[in-house]
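Enquirer: Quick one, structure for this:
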Amino acid sequence: MSYCLISPENFTPEHKQVVAKFKEITCSVPHQRKLALAAKDIHSRFLIANDNGAHLVGLKKGEDIIGMFDKDLPCRSVAKFAENFIKTDQQVLHSDDVNTELSILNVYEYGNGVTSVLVNKGIMKHDESQAILGVTICAQAVRLTDFIGFMSNYLTEFGENISISKSNRILKLKEADLTEYEHEVCFLLTLNWDYEQIADFMHKYRPVSGRSAADTIDQCMHKIREKLGIVSCDDTGLREMLIYVGVHRKMPPSFFNRLIGSHVLH
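Expert: Residues are numbered from 1 along each chain as shown. As a prediction, the model looks like this:
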């Protein structure tokens, strides 16, 4: 089934009903649940948000956000890195699956200070007309200390304002598919971990029977280099290549689930 992107000026009465229904849902969520809900059109312009969503980005009421872009928001770090948010919007909008959901861990200086927020983005659609109307957003705070405890040097390596997506499919680099284990090792390498740190962590996290931790990582790194066709590349060059293609922004699902776990704030 092929769906088409529909701009707001071309919304039919049925499309407007979909938006109105989502607005009804956002308004019915109790404020104390601290869920930030919002929706954007296909151009990443806000259609609606609840008050929690408005407060997160420095506004007073949900209605205040209507018609704004991320770059227009009073929350300076969100406005400064607006392209990061647009990029994930477009990733969702152009997914092969209209039921897709993208999970992202954002660590930004929001309206209430530096906060780690779990964001889930999905597609707002009208099935009968096969229309994609925009992106739905559901955000909830997670404990920043849990993020720092799991990846203590991420902020040092990549800065304070970051967005990390949960990888929902096999990671493909240079047309080569990496296994989940290989993806995990590559992700840790981007954090500037050395072989000993990676081997120790992976041995505890995902032990391989009958092999030493060092041998397992050595074999894994050799296979990764073979798949990427960079056997002669040193560790620094490999890490730079992985960062260049954004592996540090694509967290393996096992790591993401472990990091988030039960640490969502209620």
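Enquirer: May I have the predicted confidence score for residue 178?
Expert: The score at residue 178 is 90. That number is its pLDDT.
Enquirer: Enumerate every residue touching the nearest residue to it once chain neighbours are set aside.
Expert: Once its chain neighbours are removed from consideration, residue 178 has its nearest residue in residue 171; the separation is 4.6 Å (Cβ to Cβ, 6 or more residues apart in numbering). The way it works is simple: take the backbone N, C-alpha and C, and place the C-beta from them, glycine included. Taking Cβ atoms under 8 Å, 6 or more residues apart in numbering, we find residue 171 in contact with 177-178, 182-183, 186, 247, 250, 252.
Enquirer: Can you select the buried ones from these in PyMOL?
Expert: Only the buried entries of the contacts of residue 171 go into this PyMOL selection, using 16 or more other Cβ atoms under 10 Å:
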select buried, resi 178+182+183+186+247+250+252
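Enquirer: Identify, from the contacts of residue 171, the entry nearest to residue 208.
Expert: The shortest approach to residue 208 among the contacts of residue 171 belongs to residue 182, at 12.9 Å (Cβ to Cβ).
Enquirer: just checking, that closest one is part of a helix?
Expert: Yes: when DSSP: H, G, I helix; E, B strand; the rest coil is applied, residue 182 is found to be in a helix.
Enquirer: Tell me how far the residue nearest to residue 178 lies from residue 69.
Expert: The span separating residue 171 from residue 69 equals 31 Å under the rule Cβ to Cβ, to the nearest Å.
Enquirer: hmm, who's touching the host helix or strand of residue 87?
Expert: Element membership for residue 87, per DSSP states H and E: helix 82-93. Helix 82-93 is contacted by residues 5, 40, 42, 44, 69-71, 78, 100-102, 104, 121-123, 132, 134-135, 163, 165 when judged by Cβ under 8 Å, 6+ apart.
Enquirer: how deep is the closest residue in space to residue 7 that isn't next to it in sequence tucked in, by neighbour count?
Expert: Leaving aside its chain neighbours, residue 7 sits nearest to residue 42 (6.1 Å; criterion: Cβ to Cβ, 6+ apart). By other Cβ atoms under 10 Å, the residues close to residue 42 number 21.
Enquirer: One more: the one 3 residues further on?
Expert: Burial of residue 45 is recorded as 17 neighbouring residues (other Cβ under 10 Å).
Enquirer: nearest spatial neighbour of it, skipping sequence neighbours?
Expert: residue 69 is the one closest to residue 45 (Cβ to Cβ, 6+ apart), at 5.6 Å.
Enquirer: Tell me the pLDDT of the one you found.
Expert: Residue 69 is assigned a predicted lDDT (pLDDT) of 97.
Enquirer: same thing with the one 10 residues further on?
Expert: According to the per-residue confidence, residue 79 scores 89 in pLDDT.
Enquirer: before we move on, what about residue 204?
Expert: 83.
Enquirer: quick one: it and residue 85, what's the gap?
Expert: Between residue 204 and residue 85 the distance, using Cβ to Cβ, works out to 35 Å.
Enquirer: who's more crowded, those two?
Expert: residue 85 (25 against 9).
Enquirer: gap between that one and residue 77?
Expert: With the distance defined as Cβ to Cβ, residue 85 ends up 11 Å from residue 77.
Enquirer: Residue 178: what's it in contact with?
Expert: Remark: with contacts taken as Cβ under 8 Å, 6+ apart, residue 178 is in contact with 170-172, 186, 224, 227.
Enquirer: Max pairwise distance over those: which two?
Expert: 170 and 224 (13.9 Å).
Enquirer: Which strands and helices lie in contact with the helix or strand hosting residue 197?
Expert: With elements delineated by DSSP H and E, residue 197 resides in helix 195-205, which encompasses its position. Packing partners of helix 195-205 (3 or more Cβ pairs under 8 Å, 6 or more residues apart in numbering; DSSP states H and E): helix 180-190, helix 213-228.
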